[in-house]
Structures are given as structure tokens and as C-alpha cells.
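Visitor: Quick one: sequence plus predicted model below, questions after.
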Amino acid sequence: LNPRLVYCSISGFGRTGPYADRGGFDLVTQGMSGLMSITGEGPGSPPVKMGAPVTDITAGILACVGVLAALHSRSSTGQGQMVDTSLFEAGIVHTYWQSAICFATGHAPGPMGTAHPLNAPYQAFPSADGWITVGAANQGNWLRLIEVLGAPETGPKLNEDPRFATNADRMRNLPALQAALTPLFKVRTSADWLRRLEEAGVPAGPVLDVAQMHADPQALAREMIVETTHPVAGRVASLGLPIKFSETPGAVRRAAPVLGQHTREVLRELGFSDAEADEMAAQGAVKIPGSAKANTR
């Protein structure tokens, strides 16, 4: 009826294939996509679900990208199409690194805690009062990290240890590298290390909890934490818009509405009078807070 129509389906496993009729949840698809097999403290640890519903959210992002691509195609062809994605596929795309390793070696990688499958040191380390992440993922940053840490007076210096000479060496000897670095990081506080690492040009950051992230100056400067006024709860905080536009800026300007909060406004835009809206509310056809019989159904 409308060949220009672009429409989208998000399901557990997609509209084709042997699992097309199955229901899907984030938990199930995290397990089936391989994500839970690579999440955890290390080899032999039980499967761990990612804290965020990553397949749910990623499926929505994939759907958005797909719809935008279909609209772009329609602008030149005039033809719409169906966009089909799933939670299962959303989980699979997050296994980029591990799938590439498995394709190349024939072996399925396992969990590595906070470490990286291809670069080291690139992980979290405990400090004297918390945890920090250190991204010394290339040779230059590794050498700068050694200078910041200061080699111990006894035993071989880190820059002379053949086990850690190159990134490939460090990956082959990752447990030994972690064992060598961990006690060094524990001698100073997180703030002290982060200051020293920043001065040296080594990428690093604190491990924040959610409340600490909400108070972080960069999150606030980027307007990722915003406040709005809710009609019942008053001033409430929420997450902001993660994409910034130079010409068409967006923002979170209103709190989530209560049920029926904008019904009268919408009906006015459609040409209905307030009296007609009140009659609809009285009959239970719509919800308008404060109207007669508004709370009866």
C-alpha cells in the first residue's frame, strides 16, 4: 500500500532462522552470543552477565542506524524497506575482538577481568585507597609508565626484564606482569597516581561508582546529568543527551510525565475543545489528571 514505508522489527533472534519464533531477553542473548563466556575475573570463573542490559540497548541503537540507512536509501531510490535486527545479533557484534581471535586461532577466548585480549598493561589496578585504570597499550606509553612507577631497587628493572620487552612479550607473560605491577600501584593513592600519570601522558582514570560518576566534573560539563521539574516528585535528576549537535542542539528539558499529563494539550492540537476532552475523560476514554472520573479507570 505504501512502497515508501520504512519500518523496523526488533526481536530476540530476528525474523528468520531456526530461533525466529523464540522469545528473547537480554540475559538469554548475553549467554547465547558468547558475551557471558568472556566476562568475569579470569579462566575458570563462572559466566558473568554484564551489568548493563547491553543487548537490549545495542539492539535499539542498531535499529536506529538501520532505519537511518533505509531513509537515506529511500531518498535516492524512493523505495522503503523493512529493517530487521535482534538482541542476539546485538550481543554478537560486541565479540569483535574475541571472534577475531577465535577465527585466527581456533580457540575460544575466555574472561580476562579488566585486562585486554591484545594489549598490556591495559586494565584496572588497585591503589592504596581504591582502583584506577591504566591504558599503557603501546610501547611509548609502557616506557612512560615505567618511569612513573619507578623500578624497585632490588631485582631486574621492568625496562630490562625480557618478559616485558614488547607488547607480545607482555601478553605472553600477563600474569607475571600483573604480579609485578600490582604491588607498585598499591603504594600510592588513586589521586596521586592519576596526577603523575596525567603529567607523564599515560592514559588513566579512576574507577567510579555511579554516584561518583554523577558528580564528575566532565559529566557535568557535558550536561550528562541534568535536572528537571516533575509535577509530583519536584526536582529530579536524569541522564542527559549523549550526542551533541552544533546546529540542532537537543536537551532533556522536561521530566517524565505522569499518566495523562499532556492529554488535554494533545487533544487541543487535534481540534477538540476542553469540554469534549472532559467528556472523553468522564467516559473513561482518556486520562486527564484532575478531571471528573479521571481516576475511576
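Guide: Arrived safely, thanks for sending.
Visitor: tell me the contacts of residue 47?
Guide: Residue 47 is in contact with 31, 36-37, 39-40, counting by CB atoms under 8 Å, 6 or more residues apart in numbering. C-beta coordinates here come from the backbone N, C-alpha and C atoms, glycine included.
Visitor: List the buried residues in the longest helix along the chain.
Guide: Of all the elements of type helix in the chain, the one with the most residues (DSSP state H) is helix 54-77. Residues of helix 54-77 classed as buried: 54-56, 58-59, 62-63, 66-67, 70, 74 (neighbour count, 16 or more other CB atoms under 10 Å).
Visitor: element containing residue 27?
Guide: Following DSSP states H and E, the helix or strand that holds residue 27 is helix 26-32.
Visitor: Quick one: distance of that helix to the chain centre.
Guide: Averaging C-alpha coordinates over helix 26-32 and over its chain gives two centres that are 16 Å apart (CA atoms, centre = their mean, to the nearest Å).
Visitor: where in the chain is pLDDT low?
Guide: Counting by pLDDT under 70, the chain contains low-confidence ranges at 151-156, 292-297.
Visitor: Tell me which stretches of it form helices.
Guide: Taking DSSP H as the criterion, the chain carries its helices at 26-32, 54-77, 87-93, 96-105, 139-149, 167-172, 174-185, 190-200, 210-214, 217-221, 263-269, 274-282.
Visitor: Out of those, the one nearest residue 48 is which?
Guide: Taking CB to CB as the criterion, residue 48 comes closest to helix 26-32 out of these, the separation being 9.4 Å.
Visitor: got the contact list for the closest one?
Guide: Helix 26-32 is touched from outside by 12-13, 36, 47, 49-50, 53-56, 86-88, 90-91, with contacts defined as CB under 8 Å, 6+ apart.
Visitor: buried ones in that helix?
Guide: Applying 16+ other CB under 10 Å to helix 26-32 flags 26, 28-32 as buried.
Visitor: Repeat that for stretch 134-152.
Guide: Going by neighbour count (16+ other CB under 10 Å), the buried part of stretch 134-152 is 134-137, 141-142, 144-146, 148-149, 151.
Visitor: ok, so of those, who is nearest residue 124?
Guide: Taking CB to CB as the measure, residue 124 sits nearest to residue 134 out of the buried residues of stretch 134-152, at 7.7 Å.
Visitor: My guess is that closest one contacts residue 202. True?
Guide: Yes: under the criterion of CB atoms under 8 Å, residue 134 makes contact with residue 202 at 6.8 Å.
Visitor: Quickly list what's touching both of the two.
Guide: The contact lists of residue 134 and residue 202 share residue 145, where a contact means CB under 8 Å, 6+ apart.
Visitor: ok, so what distance separates the closest residue to residue 164 other than its chain neighbours from residue 111?
Guide: In space, not counting the residues next to it along the chain, residue 164 is nearest to residue 170; the distance is 5.1 Å by CB to CB, 6 or more residues apart in numbering. Between residue 170 and residue 111 the distance, using CB to CB, to the nearest Å, works out to 19 Å.
Visitor: go on, residue 135?
Guide: Using CB to CB, we find residue 135 at a distance of 19 Å from residue 111.
Visitor: Please apply the same query to residue 120.
Guide: Spatial separation of residue 120 from residue 111 under the definition CB to CB is 16 Å.
Visitor: Which one of the two is surrounded by more residues?
Guide: Higher neighbour count among residue 120 and residue 111: residue 120, with 24 against 19, using other CB atoms under 10 Å.
Visitor: which of the contacts of helix 26-32 are buried?
Guide: Buried by 16+ other CB under 10 Å: 12-13, 36, 53-56, 86-88, 90-91, out of the contacts of helix 26-32.
Visitor: Let me have those residues in CSV, extended by distance to residue 157.
Guide: Rendered in CSV, the data for those read as follows (distance: CB to CB, whole Å):
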residue, distance to residue 157
12, 54
13, 53
36, 40
53, 46
54, 41
55, 45
56, 48
86, 52
87, 49
88, 49
90, 46
91, 43
